[in-house]
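Student: how would this look folded up:
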Amino acid sequence: MDNSSGTRDIVLIGGGIMSATLGVLLQELEPSWRIRVLERLDALAEESSGPWNNAGTGHSALCELNYTPQKADGSIEISKAVQVNEQFQVSRQLWTFLVENGRIPDPSAFIRTTPHMSFVWGADNVAYLKARYEALKDHPLFAGLEFSDDPEVIRGWAPLLLAGRDGSEPIAATHHSAGTDVDFGTLTRLLTQTLVDKGAGLEFNTEVTDVHKTNDGVWHVMGRNRTGRFHYTADFVFVGAGGYALPLLQKSGIPEIRGFGGFPVSGEFLRTDKPELVSQHLAKVYGKAAVGAPPMSVPHLDTRVVGGQRYLMFGPYAGWTPKFLKRGSLLDLFRSIRPSNIGPMLKTAIHNVPLTLYLVQQLLASASKKFKDLLDFYPDAKQGDWEKITAGQRVQVIRPDGTLQFGTEVITAADGSIAGLLGASPGASTAAPIMLEVLKRCFADRWADWQPALAAMVPSFGAPLADDPAQAVAIMTRTATALGIVAPPSSVKA
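Tutor: Modelled structure (predicted):
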């Protein structure tokens, strides 16, 4: 962007957690800038940020086994787990700042303590989980992690996991008492409300259909709303439109999006609110993914609190549709195909045959076959106690080199005047660090001046907590206190 320091017009496309987070950051840093949020639906957080459309885990790698792969020599690679935990700590620090400064009035509306567990069965998996525990237990970000292969200890952590189990197979679990359940839909609404309260514009039923830049360096954002057509101009545009980020960035014409494609994956969960079941399971329990399954399909039996009510969810069961959003079009995938991404998309298809076979198996599986997956976690489960719900739509990133990426990808124009976010997990939990990266890339002219304000909002940004155990303890204790959640045991003692 240019080096002028005057007021700028900002357009945020999409009313989800990413736009809300970026908007709040910008409003804190530059109160005079004009911010407009455009949402195509009639409410906020109805797609990827909605509570039933994401796992709500507060991804911190305490329990997600796909972040700690086992290497050929049997050792456990923990770098990805550390990175994800660091990112979540950044998000927690931003939320803490907003709570302490009155912009989030009641953190219990969106975050609550829910232990995180990993659970496996079979001798090889038990050995893997023990090795994972040994690799993580002394790390400052994982302090308080417990391991047990004693069924009675595991029963004390999560009784449903042992109900109906005959004891013939070895089992093991890890448990962390300071995990969280996060309702990102509620958080999105809280953040957006404080944006509006401080002067930002918010428009519903406003679908962006074109984004392009004119020779004078101004972005034109156009589309349809309730009254007909709209046309806004902006100095900076952020495309936080979930699966629709790819086609909108393609329409922008920036060269940085050339070669990128998207592979849509949908999902389903089983859900119950029966009090006698919900009362016996207060945890988010992750297992190991099936061979060929994408990382986002790691099975988990989760406590969820939505609208003040507790539920249990199990899944996800992978599905497929060419839609890029849950409320998208069956033509989305085909409309995203360009000459520049046909090659990468074909290469991805050739190199991901196991994933294709896995999706086909999931699509063809009967309801009773899918229910058997829940029985691995909860052998006494009864099919009539559970209902099927359709989860959110994810568009996995196909990179220009033909690799299928299961994380997120920030796309920014060379001049920093437009940015967008592609991809999925861990997604919402890492909104704050991802949006800070957007700010760093897109506002180079302001970045140095923003450092004092950023340090107040996110003290550890740019200085990994893993490198400073004392700082890690202090920050995790502070954020836990402000957010009303449990701090790790070592933090409590500090």
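
Student: Spatially central residue for this protein, please.
Tutor: Nearest residue to the geometric centre of the chain (C-alpha atoms, centre = their mean): Gly427, 2.4 Å.

Student: Below-threshold pLDDT in the chain: ranges please.
Tutor: Scanning the chain for pLDDT under 70 picks out the ranges 1-5, 55, 290-297, 425-426, 490-494.

Student: Quick one: name whatever helix or strand follows the longest helix anywhere in it.
Tutor: Longest among the helix segments of the chain by residue count, using DSSP state H, is helix 79-100. Next along the chain after helix 79-100, taking DSSP states H and E as the criterion, comes strand 111-113.

Student: Who does that next one pair with, and is each partner parallel or antiparallel?
Tutor: Here strand 111-113 is paired, per DSSP bridges, with strand 180-182 (antiparallel).

Student: re the thing from before, who does the longest helix of the chain touch, helix- and strand-wise?
Tutor: helix 17-29, helix 184-197, helix 431-442, helix 444-457, helix 469-483 (3 or more C-beta pairs under 8 Å, 6 or more residues apart in numbering; DSSP states H and E). For every residue, glycine as well, the C-beta is placed using N, CA and C.

Student: Now with 7 Å, please.
Tutor: helix 431-442, helix 444-457, helix 469-483 (3 or more C-beta pairs under 7 Å, 6 or more residues apart in numbering; DSSP states H and E).

Student: and the ones you listed as TSV, adding mean neighbour count and distance to Ile257?
Tutor: Formatted as TSV, the helices and strands packed on helix 79-100 follow (neighbours: other C-beta atoms under 10 Å; distance: least, C-beta to C-beta, whole Å):
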stretch	mean neighbour count	distance to Ile257
helix 431-442	22	15
helix 444-457	14	20
helix 469-483	19	35
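
Student: so which of those comes closest to Ser148?
Tutor: helix 469-483 (23.5 Å; C-beta to C-beta).

Student: Not counting its own residues, what contacts the closest one?
Tutor: Helix 469-483 is contacted by residues 89, 92-93, 95-96, 99-100, 107, 111, 140-141, 459-460, 465, 486-488, 490-491, 494 when judged by C-beta atoms under 7 Å, 6 or more residues apart in numbering.

Student: thought Thr390 was touching Leu270?
Tutor: No. Between Thr390 and Leu270 there is no contact under C-beta atoms under 7 Å: 11.5 Å.

Student: Which one's more surrounded, these two?
Tutor: Shown here are Thr390 and Leu270; by other C-beta atoms under 10 Å, Leu270 has more neighbours (23 against 14).

Student: ok but that one is inside a strand, no?
Tutor: Yes. Using DSSP: H, G, I helix; E, B strand; the rest coil, the assignment for Leu270 is a strand.

Student: which residues sit in contact with it?
Tutor: Contacts of Leu270 by C-beta under 7 Å, 6+ apart are 313-315, 374, 386, 388.

Student: and the gap between it and Ile171?
Tutor: Separation of Leu270 from Ile171 (C-beta to C-beta, to the nearest Å): 21 Å.

Student: and the residue nearest to Leu330 when sequence neighbours are not counted, what is it in contact with?
Tutor: In this structure, Leu330 finds its nearest non-sequential neighbour in Pro322, 5.5 Å apart by C-beta to C-beta, 6 or more residues apart in numbering. Contact analysis of Pro322 by C-beta under 7 Å, 6+ apart lists 264, 330, 332-334.

Student: Now, of the contacts of Leu270, which are buried?
Tutor: 313-315, 374, 386 (16 or more other C-beta atoms under 10 Å).

Student: Enumerate every residue touching the closest residue to Ala455 other than its chain neighbours.
Tutor: Among residues not flanking Ala455 along the chain, Phe461 sits closest, at 7.5 Å (C-beta to C-beta, 6+ apart). Phe461 makes contacts with 90, 436, 454, as judged by C-beta under 7 Å, 6+ apart.

Student: Hmm, Ala381 is touching Lys372, no?
Tutor: No. Using C-beta under 7 Å, Ala381 is not in contact with Lys372, being 9.7 Å away.

Student: neighbour count winner among these two?
Tutor: Neighbours were counted for Ala381 and for Lys372 using other C-beta under 10 Å; Ala381 has more, 23 against 12.

Student: which residue packs closest to the more buried one, ignoring adjacent ones?
Tutor: Using C-beta to C-beta, 6+ apart, the closest residue to Ala381 is Leu374 (5.1 Å).

Student: got a list of what that neighbour touches?
Tutor: Leu374 neighbours (C-beta under 7 Å, 6+ apart): 270, 314, 381.

Student: tell me the SS of Arg229?
Tutor: Going by three-state DSSP: Arg229 is strand.

Student: pretty sure the residue nearest to Ala455 is in a strand, no?
Tutor: No. Secondary structure of Phe461 (three-state DSSP): coil, not part of a strand.

Student: Dihedrals phi and psi, it?
Tutor: Backbone torsions of Phe461, given as degrees, to the nearest 10, read phi -60, psi 130.

Student: just the helices in the stretch 151-300 of the chain please.
Tutor: Assigned by DSSP state H, counting those that start in this stretch, the helices in the stretch 151-300 of the chain fall at 151-157, 184-197, 245-252, 275-278.

Student: Contacts for the second one next, please.
Tutor: With C-beta under 7 Å, 6+ apart as the test, helix 184-197 has contacts from 15-17, 20-21, 23-24, 27, 35, 37, 44-45, 49-51, 54, 56, 103-104, 109-110, 202, 428.

Student: hmm, back to that, which ones among the buried ones among the contacts of Leu270 lie within strands?
Tutor: Using DSSP state E, the subset of the buried ones among the contacts of Leu270 located in strands is 313-315.

Student: For Leu301, state which of those residues is nearest.
Tutor: For those, the nearest to Leu301 is Phe314 (4.9 Å; C-beta to C-beta).

Student: that older thread, how about a markdown table for the helices of the stretch 151-300 of the chain, with mean neighbour count and distance to Glu207 added?
Tutor: As requested, the helices of the stretch 151-300 of the chain are exported to a markdown table (neighbours: other C-beta under 10 Å; distance: least, C-beta to C-beta, whole Å):
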| stretch | mean neighbour count | distance to Glu207 |
| --- | --- | --- |
| helix 151-157 | 15 | 46 |
| helix 184-197 | 22 | 18 |
| helix 245-252 | 23 | 10 |
| helix 275-278 | 14 | 38 |
